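Undergrad: build me a model from this:
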Amino acid sequence: MRYGQRGGYTPAEQERRKLLRLQAAGRFEDGHSTRDIARELRVHERTVARWRKTWREGGIEALRSKGPVSREKLSPAQWARLEAELSRGPLAHGFGDDQRWTLGRIKTLIGKLFHIGYTIEGVGKLLRRHGWSVQVPARRAMERDEEAIAAWRQEVWPTVKPPRRTWAPISASRTKRVRG
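TA: Residues are numbered from 1 along each chain as shown. This is a model prediction of the structure:
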């Protein structure tokens with residue numbers, strides 16, 4: 001995921017990017033051109049040029065990752081507690097109108113539990129950083145009876161469903177009928 005998509009890099013992606021920068025540094029020392037390095041590492045030439053400038057100014061150490069851009073406000077223990085509270089569901093925390101966790105609700109929950117303020121975007125980044133993703137709920141009634149639906153599909157639907165038409169050539173002309 002790219003920063004422009006508001007997700008930040010996962011730790012695995014940060015490590016992969018760091019290795020790319022270090023490979024580029026080795027090629028800088030060998031005298032390879034920016035274009036060749038970009039093609040070999042499958043990155044943009046401007047990215048390689050930026051890495052080269054950083055390498056010239058600070059060496060290989062300057063190309064190493066400096067960690068995430070923003071530090072998390074929650075400690076690992078707080079994150080574990082938040083995950084446990086999220087698994088209890090919204091109803092357990094007073095959100096009774098529906099059973100969905102929204103970013104706004106999670107933001108409120110973090111504020112109540114830990115007295116830490118997050119923006120809604122910050123909550124989204126926090127969740128993605130920890131491997132959570134957006135879940136779109138299936139819109140189904142609470143009273144839904146799967147057995148009755150399966151029986152209807154087997155018994156009633158075949159009698160209601162019209163038979164498939166057989167293939168017959170058709171004409172695009174309004175005046176000429178091909179089918180008889």
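
Undergrad: any buried residues in the host helix or strand of residue 55, and which?
TA: Residue 55 belongs to helix 45-63 when elements are defined using DSSP states H and E. Buried residues in helix 45-63, counted by 16 or more other C-beta atoms under 10 Å: 47, 48, 51, 52, 54, 55, 63. For glycine as for every other residue, the C-beta is placed from the backbone atoms N, C-alpha and C.

Undergrad: buried stuff in stretch 72-92?
TA: 72, 74, 82, 85, 86, 90.

Undergrad: repeat for stretch 114-125
TA: Of the residues in stretch 114-125, 114, 118, 122, 123, 124, 125 count as buried by neighbour count, 16+ other C-beta under 10 Å.

Undergrad: in the protein, where is pLDDT below threshold?
TA: 1-10, 67-70, 136-138, 168-180 (pLDDT under 70).

Undergrad: check contacts around residue 79.
TA: 72, 130 (C-beta atoms under 8 Å, 6 or more residues apart in numbering).

Undergrad: assign a three-state SS to it, would you?
TA: helix (DSSP: H, G, I helix; E, B strand; the rest coil).

Undergrad: give me the next element, helix or strand, following the one helix or strand residue 128 maps to.
TA: According to DSSP H and E, residue 128 maps onto helix 120-129. Once the chain leaves helix 120-129, the next helix or strand it forms, by DSSP H and E, is helix 146-155.

Undergrad: any buried residues in whichever strand or helix holds residue 16, and which?
TA: If you go by DSSP H and E, residue 16 is part of helix 11-30. Under the neighbour-count criterion of 16+ other C-beta under 10 Å, helix 11-30 has 20, 21, 24, 25, 27, 28 buried.

Undergrad: what does that helix rub up against?
TA: 1, 9, 36-37, 40-41, 43, 48, 51-52, 55, 60, 63-65, 68.
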